[in-house]
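J.: Quick one, what's the 3D model for this:
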Amino acid sequence: MLREAIRLARLNIDERVLYIASLVSAVATFSILYTTTKSLCVSLISSALVAVFVILYPFFVLRGRRASIELILPHAIAYMQSLCGVMNLYEIFRQIFNEKEIYKELSEEFGLVVRDVEMLGYSLVDAMRNLANNTPSKSLREFLEGLIMAFESGSDLKGYIAKRIELIRERAKRQMEMNMRTLEIVSEVFVVLFVALPIFLAIALTTMKILGTNLFGIVRMYMYVFIPICGVAVLYLVDLMNVKEDLGVVRAPRGIVKAGMEKKPSILDMIRTNYYYSFIFSLPAILIVLFIVKNISFKYPESSLILLIISAFLSISIAFEYRAKFVRRIDKEIPEFLRKILNLKEVGLTLGSIIRMIRESEIGVISRELRRVEMFVELGSTLEEALVEFVNRVGVSSIRRAISILVKASEATENLRDVLLTAIDDFEYGLKMRDLRFATGFSYATIVYLSFYIFLYTAYTLSHTFMSKLGVGGSSFVEPMYRTSIMVSIFSGLLAGEMEGGHILYGLKHVFLFLLSSLVVFEFLVG
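T.: Numbering: from 1, shown residues only. Purely as a prediction, here's the structure:
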């Protein structure tokens, strides 16, 4: 079973190596924990959990690959339906394989068909059958089995694909719902580990101190070992199972750009397409905050640390949110863009004439970019080259998919009606799935918010009632809780972002809010 999981997960790991790695990890974990805590029970349980996690790693990866394939499959099949009758079946497989930035894991699967045909000399039917026997996706396997029968019998492939697409979309929706239910369980585990346990430890720490017992070793282990390791593990599992919004930068193969047409991108253009460039603003922000902090007297040094964390990551958070908003605007405009092409194509206009007309319309970002396409054409570029530059400037996968369909279909036929109708339907389906994903993820992010503020409220209440009546307070209670709050703020915020939008950088704005809330509570209300 483990060997099969490793094979389907496409991991280049021997089964025996995985067993050895789990044993070594368990021994190392036991040694570290027993040395620091002297607790045999905690050390044994923790080392056993680490060993189990290492063994189950291929199953986590396999589940992630299966979910990724299931969720992108409806878009790939719609793409196949659009190009059926325009390209032969093998060319469609190869086209999807080449679009790795768009179809990701599914491109890797279709790469097996390309490899078997071109390198191993298989027939297309044998290559499809081999993929059906080796894919982790049940939907893809059933689709290929039906496609093989339709291909061998000479049936209408486009008709078969049209019949299957609704069933596959329904399965993709169920897959997403199942993933979100799993995230609900993860969020409940998170509440126990990162909210209930810190509160229990805070009370236990103070009570045992009154009784003359020192538990600072266990508290430090929890703060500096347990929270980071468990936080990273939870985020990793959520990332594997989550439905991700595609915000990555995609590039089409560049055409020949005429002299004088290339424009050197500005810093803002670079940040718009790749938000990681925004880190260039982090150092100036850190220096400004260091100057401000030097002239402010905080009760606790942790407050200065919070401001430094925010200043270091504020620029990438802003750039990422801008990128996310830009991608969503593009995605919403594409169906209208394709619908206008369909309407104008039906009156007999060429694709070039249609683009000239659409650029004057008020679609939004796409209209503005099409004006630059027209400028490229006027400077001597072909329409295809200008569209390639359009895709590369915007860097959005949905635009690349739409332009790819337009270009490939236009090369083979002037009748684009069926192609465009299929593409419009697919993009509108994608928008519905994204809205459903956001609505479900938002409710789970709300659980994280509620849990974190319960933690802060409990810390405040303990400080002003329970601890004060016991005659305990000050730094002996507040400082450990403040540091724990910073840790919980970081991992709670990142988890809320993963649940909200399927990307860890969505969580930065939540991290900032949680950190500032902690600063206000511990710096001004507690202590």
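
J.: doesn't residue 134 make contact with residue 144?
T.: No - in this structure residue 144 lies outside contact range of residue 134 using C-beta atoms under 8 Å: 10.6 Å. All C-beta atoms are positioned from the backbone trio N, CA, C, and that covers glycine.

J.: pLDDT below threshold where in the protein?
T.: For the chain, the stretches with pLDDT under 70 are 36-39, 42, 202-203, 205-223, 243, 247-266, 269, 412-414, 465-477, 527.

J.: how's it carved up into domains?
T.: 2-155, 187-242+416-527, 247-407 (automatic domain parsing).

J.: Format those domains as CSV; extra columns: distance to residue 161 and mean neighbour count.
T.: Formatted as CSV, those follow (distance: least, C-beta to C-beta, whole Å; neighbours: other C-beta atoms under 10 Å):
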stretch, distance to residue 161, mean neighbour count
domain 2-155, 4, 17
domain 187-242+416-527, 9, 18
domain 247-407, 14, 16
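
J.: of all those domains, which lies closest to residue 162?
T.: Among those, domain 2-155 comes nearest to residue 162, with 6.0 Å by C-beta to C-beta.

J.: What backbone torsions are found at residue 297?
T.: Main-chain dihedrals, residue 297, degrees, to the nearest 10: phi -100, psi 110.

J.: Make 33 the starting number, not 1.
T.: That works, and once the first residue is 33, the last one we named lands at residue 329.

J.: measure it to residue 352 for me?
T.: Note on residue 329: its distance to residue 352, by C-beta to C-beta, to the nearest Å, is 34 Å.

J.: can I get the domains of the chain in TSV with distance to residue 196?
T.: Formatted as TSV, the domains of the chain follow (distance: least, C-beta to C-beta, whole Å):
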stretch	distance to residue 196
domain 34-187	6
domain 219-274+448-559	13
domain 279-439	19
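
J.: Tell me which of those approaches residue 207 most closely.
T.: Proximity to residue 207 (C-beta to C-beta) singles out domain 34-187 among the domains of the chain, at 4.5 Å.

J.: Quick one: end-to-end distance for the closest one.
T.: End-to-end distance of domain 34-187 (C-alpha to C-alpha, to the nearest Å): 39 Å.

J.: Give me the phi and psi angles of residue 152.
T.: Residue 152 adopts backbone torsions of phi -100, psi -10, taken as degrees, to the nearest 10.

J.: if I pick it, what's in contact with it?
T.: If a contact means C-beta atoms under 8 Å, 6 or more residues apart in numbering, then residue 152 has no contacts.

J.: Check residue 149 too.
T.: The contact partners of residue 149, by C-beta under 8 Å, 6+ apart, come to 122, 155, 156, 159.

J.: The first one against residue 157, yeah?
T.: No - using C-beta under 8 Å, residue 122 is not in contact with residue 157; the gap is 10.5 Å.

J.: for the helix or strand harbouring residue 518, packing partners?
T.: In this structure, residue 518 sits in helix 507-533 according to DSSP states H and E. Under the contact criterion of 3 or more C-beta pairs under 8 Å, 6 or more residues apart in numbering; DSSP states H and E, helix 507-533 touches helix 189-223, helix 229-242, helix 259-273, helix 333-377, helix 449-493, helix 540-552.
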